[in-house]
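Asks: Got a sequence here, can you model it:
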Amino acid sequence: MPNLHTQSCTPCRSSSPTLNKIEISRLMEEVPGYQLHEVEGIKRICKTYTFKNFEEALVFTNKIARVAEEEHHHPQIILEWGAVTVSWWTHAIDGLDTNDFIMAVKTDQIY
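Replies: Residues are numbered from 1 along each chain as shown. Now for the predicted structure:
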C-alpha cells in the first residue's frame, strides 16, 4: 500500500481504472473520519471539519484550494458557518483513485 503521507498526486486519465472494493477498504483506514458515499453512482469520500466561526472555515477552505491547485486535483467543498465538508473523487474516471486518498490526507494535515 502506498504511503499517502508522502505522496503527491499523479495525472489520472479517463482510461485509468477506479479502485476496487478491497483497495478502497484498505485506503479508508488511512483517512479516519472520512465516509464513503455514492452520489449518482459515483463513489466519493467525504468528511466534515468543524470550526469556531465562519472566518476560520473560510481560511481552511482557501488553504485546501491552494493545495488542490498545486496538485491539480480538486474537491467539492461546502462552506458553512463553523463547518466545511470536503468530498474527493476523480472526475476523469467517475470514481475513486489513490489521488483522492492522498488529498484526503493532505486535507487532514491542513486541518
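
Asks: quick one, what contacts Tyr111?
Replies: Applying CB atoms under 8 Å, 6 or more residues apart in numbering, we find Tyr111 in contact with Tyr49, Phe60. C-beta here means a position set from N, CA and C on the backbone, and glycine is covered the same way.

Asks: er, Met103 actually
Replies: Taking CB under 8 Å, 6+ apart, we find Met103 in contact with Cys9, Val67, Ala68, Glu71, His73, Pro75, Trp88.

Asks: try it again with 10 Å
Replies: By CB atoms under 10 Å, 6 or more residues apart in numbering, Met103 lies in contact with 4, 8-9, 31, 45, 64, 67-68, 71, 73-75, 86, 88, 90, 97.

Asks: Make a ChimeraX selection of whichever of those residues turn out to be buried.
Replies: Buried residues within the contacts of Met103, by 16 or more other CB atoms under 10 Å, are selected in ChimeraX with:
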select :4,9,31,45,64,67,68,73,75,86,88,90,97
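
Asks: I'd like the average pLDDT over stretch 10-17.
Replies: Mean pLDDT, stretch 10-17: 74.

Asks: Distance across it, terminal residue to terminal residue?
Replies: Length of stretch 10-17, first residue to last, CA to CA, to the nearest Å: 14 Å.

Asks: sorry, back to before: in helices, which of the contacts of Met103 fall?
Replies: Counting by DSSP state H, those place Ile64, Val67, Ala68, Glu71 in helices.

Asks: The last one and Lys106 touch, don't they?
Replies: Yes. Glu71 is in contact with Lys106 according to CB atoms under 10 Å; the separation is 7.4 Å.
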